[in-house]
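[1] pasting the sequence and the predicted coordinates here, then a few questions.
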Amino acid sequence: MSNPIDFYFDFSSPYGYFGAVEIGKLAAKYGRQVNWHPILLGPIFKNIGTNSLVTIPVKGEYSRHDMGRTARFHNIFFKEPSNFPIGTQVAARAALWVQEQQPAKAVDFIQTIYSAYFTEDIDISVPASVLRIAGDLGIDHAALEAALGTQEIKDKLRQATEDAMQKGVFGSPFVIVDGEPFWGFDRFTQLEAFLKNGKI
């Protein structure tokens, strides 16, 4: 059986959102499963001495233009949120919890959270927003709410981010398959070629 695709993402990443829309279809086309890894880019950026792309002069202006253009090119609905970027600790903790407690709903939850932020301008840094989305998907709202503030789930997200750094992850989306790393949604064409041929 083929190895799964490891897909690392931060919910504040527009390119991570684009990747989340496409990765499942790409995996299915080549008979792969996807391991979804919610992480936090903040600690990673601090570790490597950089900042969010949109906060960097000149490059930030270009990136905002490119986000819209990329969405149009790939026919992905996208609206830049009014509050961007944001902290995504709550959403990432929730995703980890759903993956453990209600795994059959995890991918839908991840994609719905992404869509809420990047198509409906819903502030997913607010726990109430995340909990409402969970409830709408039939996820145990009360149990998730109780779990979000626990040290256990905080530690799990911290460990997931540290594990990602150990594997060389430094952005979102970041894909590793058969030991080959691909950073960025703009590398999905290369990713597909690799999945198809086993090499590039």
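    Happy to help now that I have it.

[2] low-confidence stretches in the chain?
    1 (pLDDT under 70).

[3] using the three-state scheme, assign Ala116.
    Secondary structure, DSSP: H, G, I helix; E, B strand; the rest coil: Ala116 is helix.

[4] I meant Ile139, not that one.
    Recorded secondary structure, Ile139: coil (three-state DSSP).

[5] what about it, how many residues nearby?
    Counted with other CB atoms under 10 Å, the neighbours of Ile139 add up to 20. Where C-beta positions appear, they are placed from N, C-alpha and C, glycine not excepted.

[6] that one and Ala106 touch, don't they?
    No: taking contacts as CB atoms under 8 Å, Ile139 lies outside contact range of Ala106: 9.3 Å.

[7] overlap of the contact sets of those two?
    Val98 (CB atoms under 8 Å, 6 or more residues apart in numbering).

[8] mind telling me what element Leu157 is part of?
    helix 151-166 (DSSP states H and E).

[9] what's the neighbour count on the residue nearest to Pro81 when sequence neighbours are not counted?
    Using CB to CB, 6 or more residues apart in numbering and skipping residues adjacent in sequence, the residue nearest Pro81 is Asp121, 5.0 Å away. Neighbourhood size, Asp121 [other CB under 10 Å]: 13.

[10] from Ser82, how far out is Asp121?
    6 Å (CB to CB, to the nearest Å).

[11] ok, His65 next?
    In this view, His65 and Ser82 are 17 Å apart by CB to CB.

[12] which one's more surrounded, these two?
    Between His65 and Ser82, counted using other CB under 10 Å, His65 has the larger neighbour count: 10 against 7.

[13] confirm the more buried one sits in a strand?
    No: using three-state DSSP, the assignment for His65 is helix, not a strand.

[14] so where does the residue nearest to Lys156 when sequence neighbours are not counted fall, helix or strand?
    Spatial nearest neighbour of Lys156, excluding adjacent residues (CB to CB, 6+ apart): Leu96 at 5.4 Å. Using DSSP H and E, Leu96 falls within helix 89-101.
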